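J.: Quick one: sequence plus predicted model below, questions after.
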Amino acid sequence: MLLKLLKMFHADERGAVDMGGTLLMGIGIVFLAVGFIIFPIVTTATDTLLAWVSTVNVTITDESFTGFTSVVGISPILVLIGYLMAGVITMYLGVRITKGGGSTKLDLGNLIMLALSMIFIAVGFIIMPVMLEGLATVLDGGGTGINAAYVGLSPIILVTPLIVLISFVAGAVLTGFMGIKSIASGT
C-alpha cells in the first residue's frame, strides 16, 4: 500500500533540472550587487581623476588631455548601467535555461572571463593617476616642454589617457559579454 502511494507521487516527476540555469541567475544577482558596491568606489576614483593636478607642473591637469575629462565624467554611470545590464541579461538567460530553453557550460574559464570584466575596471582606475603623472613628466620635459625633435609626440601623449580608459572599459564589456555568452550557449 505504501509503495503504491509513493509511486503515485513519484509518477509526476518530469525530468532533471539544469542547475546551471540556477547558478546563472545567482551570477546575475552577484552582478547587481557588485554594480552597487563598486559604484561609490568608481565615483571616488573618478572624482580623484577629475581633480588631478600634476606634481611636476601644476598647469597640467586632467583637462590638459584630449577628451579625458568628459569620458571620466560619464564613467560611473556607464559602469553602473553595465553591471545592471549584465545582471539582468544573466538572470534572463538563467530563467530561460531553467525553463528548458537551452543549456549551460559551466567551466572555470567562463567564470574567470566574468571575473576579469570586473578586474579590468578596477585596474583601469588604479593605473590612471600613475599614467597621468608619467605623461605630465614627458609633457613638462624638465620645464622646457617636449623637445622639438619629437615631431607629433605631443598630440599622441594628449590623447593617450582617453585611449587607455576606453580600452579598459571596452575590455570589461567584452570579457563580461564573452563569459556570459560562453556560459549561456554551452560552448
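T.: Arrived safely, thanks for sending. Residues are numbered from 1 along each chain as shown.

J.: Okay, buried residues for stretch 57-67 please.
T.: Within stretch 57-67, the residues scored as buried using 16 or more other Cβ atoms under 10 Å are 57, 60-62, 64-65. Where you see a C-beta, it was placed from the backbone N, CA and C, and this is true even at glycine.

J.: can you check stretch 162-169 too?
T.: Under 16+ other Cβ under 10 Å, the buried positions of stretch 162-169 are 162, 164-165, 168-169.

J.: Also stretch 77-86?
T.: Buried residues in stretch 77-86 (16+ other Cβ under 10 Å): 79-80, 82-83, 86.

J.: so Lys181 is in which element?
T.: For Lys181, the host element (DSSP states H and E) is helix 153-185.

J.: list the helices and strands that helix packs on?
T.: The contact analysis (3 or more Cβ pairs under 8 Å, 6 or more residues apart in numbering; DSSP states H and E) places helix 153-185 against helix 19-50, helix 68-98, helix 108-140.

J.: What would stretch 143-158 look like as PDB? C-alpha coordinates only.
T.: Taking Å, rounded to 0.1, in the frame of the first residue of the first chain, the C-alpha atoms of stretch 143-158 are listed here in PDB:
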ATOM      1  CA  GLY A 143      60.400  72.700 -17.600                       C
ATOM      2  CA  THR A 144      61.200  73.100 -21.300                       C
ATOM      3  CA  GLY A 145      58.400  71.100 -22.800                       C
ATOM      4  CA  ILE A 146      58.700  68.300 -25.400                       C
ATOM      5  CA  ASN A 147      61.800  68.500 -27.500                       C
ATOM      6  CA  ALA A 148      61.000  69.800 -31.000                       C
ATOM      7  CA  ALA A 149      62.800  66.900 -32.500                       C
ATOM      8  CA  TYR A 150      60.000  64.600 -31.300                       C
ATOM      9  CA  VAL A 151      57.500  65.600 -34.100                       C
ATOM     10  CA  GLY A 152      53.900  64.500 -33.300                       C
ATOM     11  CA  LEU A 153      54.600  63.200 -29.800                       C
ATOM     12  CA  SER A 154      52.600  65.900 -28.000                       C
ATOM     13  CA  PRO A 155      49.200  65.100 -29.700                       C
ATOM     14  CA  ILE A 156      49.700  61.300 -29.100                       C
ATOM     15  CA  ILE A 157      50.500  61.900 -25.400                       C
ATOM     16  CA  LEU A 158      47.500  64.200 -25.000                       C
END
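
J.: No further queries at this time; thank you.
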